[in-house]
Structure formats: structure tokens, C-alpha cells
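In: after the sequence you'll find the predicted model.
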Amino acid sequence: MNLRILAVAVLAAFVTACQGVQHSTPSGRPEVTVKAPAKDVKTAFVGTLANFGYEIRRDTDFQIVVERPIDNVMANVLFSSKYDPTVEGRITATVMDLGGTTRVTADLGLVRNGGSAFEAVTNVNNSPDSLGVQSLLNDIKAGFESGKNLSEVIAIASQRSIRDRSLALAKKN
């Protein structure tokens with residue numbers, strides 16, 4: 001228990017020292033509008049995230065939910081439970097076919113006790129990793145709008161992980 005208290009204190013100090021990410025999108029979250037069919041954009045997004053180790057948890061016409069275990073010790077200490085010691089990273093993407101263009105908005109969360117009656121999701125849309133998701137969406141958009149086919153878009157977008165993207169953007173700022 002003392003380790004958890006220490007971890008909370010360290011996180012509180014870290015959070016107060018850092019300013020949250022503010023997205024300048026209509027939704028205030030990672031978002032992009034792409035001149036491509038919704039099916040292709042959704043496939044590119046899921047295909048890229050599958051290359052990063054995410055698994056599909058839910059797929060509907062308008063929404064896709066992917067998750068993967070978090071390999072961050074601090075996140076697991078702070079957000080895990082006795083029931084489930086591993087926290088999952090979840091990305092929920094809403095995909096809207098706007099007739100000729102596709103709008104994708106993404107929500108990021110840390111999931112404790114995933115899939116159980118005690119599931120709890122902590123919103124992390126304003127975390128540095130949300131910048132990595134925005135960068136990924138921008139690469140998918142650029143790929144389709146430059147005439148690349150689906151396989152090429154996935155290959156290009158898969159070259160840098162979400163974490164690598166967010167770290168690179170943090171260094172720029």
C-alpha cells in the first residue's frame with residue numbers, strides 16, 4: 001500500500017508540472033476528416049493499430065474499440081486493482097461516412113478490470129499519447145489524399161508507434 005501512496009504522490013507532482021494537451025479539433029479530441037471511403041479509413045486505422053499490438057474488442061458500423069495491455073509500470077501501479085493487476089490502453093474510434101469524406105474521432109482511455117462488471121475507464125484524451133494518435137490519423141489522411149492504396153497507407157502509418165510519435169512531438173515543443 002505504501003508503494004501505491006508513493007506512486008500517487010509522484011504522479012501528482014508530475015501532473016501538476018505538466019500541462020494537458022489541447023486538441024484544436026471540433027471534438028477537442030484526436031480527429032481527422034479524410035477524402036476516402038469510410039471502410040478504407042477504418043481498415044487503415046485498425047490495420048495500423050493491429051501492427052502495434054492492439055486487439056479489436058468491438059466493431060460496429062460507426063465505432064471500433066481496440067485495446068492492448070499497458071507496459072507502463074506506474075500506470076499499472078496507479079490504475080490496477082487486486083482483481084486485475086494489468087491495465088489496458090483503449091482507443092475508441094467513431095467513424096462517420098459523410099458522403100465522399102470520412103470523419104474519425106478518437107477517445108483514449110486506461111481500462112481497469114476490463115470486460116467485467118467492475119470495469120472503469122479513465123479518460124486520457126488530453127495526454128501526450130493523444131498527440132501520437134492525432135499524428136497517426138494525420139498520416140492516414142495524408143496517405144489516402146496523396147493517392148496511396150490501402151496497403152501502402154497501413155505500411156507508412158505503421159512505421160512509427162503512437163509512443164514514438166508523441167515523444168517526437170514533445171521534443172519539438
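Out: Here it is on my side, so go on.
In: contacts, neighbours, all on C-alpha from now
Out: Fine.
In: count of neighbours near residue 86?
Out: 22 (other CA atoms under 10 Å).
In: name the SS class of it, please.
Out: coil (DSSP: H, G, I helix; E, B strand; the rest coil).
In: tell me the bridge partners for residue 55.
Out: residue 67 (DSSP bridges).
In: can you pull the contacts of it?
Out: Shown in contact with residue 55 (CA atoms under 8 Å, 6 or more residues apart in numbering): 49, 66-68.
In: can you map out the helices along this protein?
Out: 2-17, 38-51, 73-79, 128-145, 150-157, 162-172 (DSSP state H).
In: low-scoring stretches of this protein, by residue?
Out: Within the chain, the segments meeting pLDDT under 70 span 1-19, 72-85, 173.
In: do that again at 90, thanks
Out: Within the chain, the stretches with pLDDT under 90 are 1-26, 69-88, 100, 110-128, 166-173.
In: quick one on the thing from earlier: between the contacts of residue 55, which is closest to residue 171?
Out: residue 49 (23.3 Å; CA to CA).
In: with distance to residue 21 and neighbour count added, can I get the contacts of residue 55 in a markdown table?
Out: Below are the contacts of residue 55 laid out as a markdown table (distance: CA to CA, whole Å; neighbours: other CA atoms under 10 Å):
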| residue | distance to residue 21 | neighbour count |
| --- | --- | --- |
| 49 | 22 | 24 |
| 66 | 22 | 21 |
| 67 | 22 | 24 |
| 68 | 22 | 20 |
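In: isn't residue 101 up against residue 39?
Out: No - with contact defined as CA atoms under 8 Å, residue 101 does not reach residue 39; the gap is 10.9 Å.
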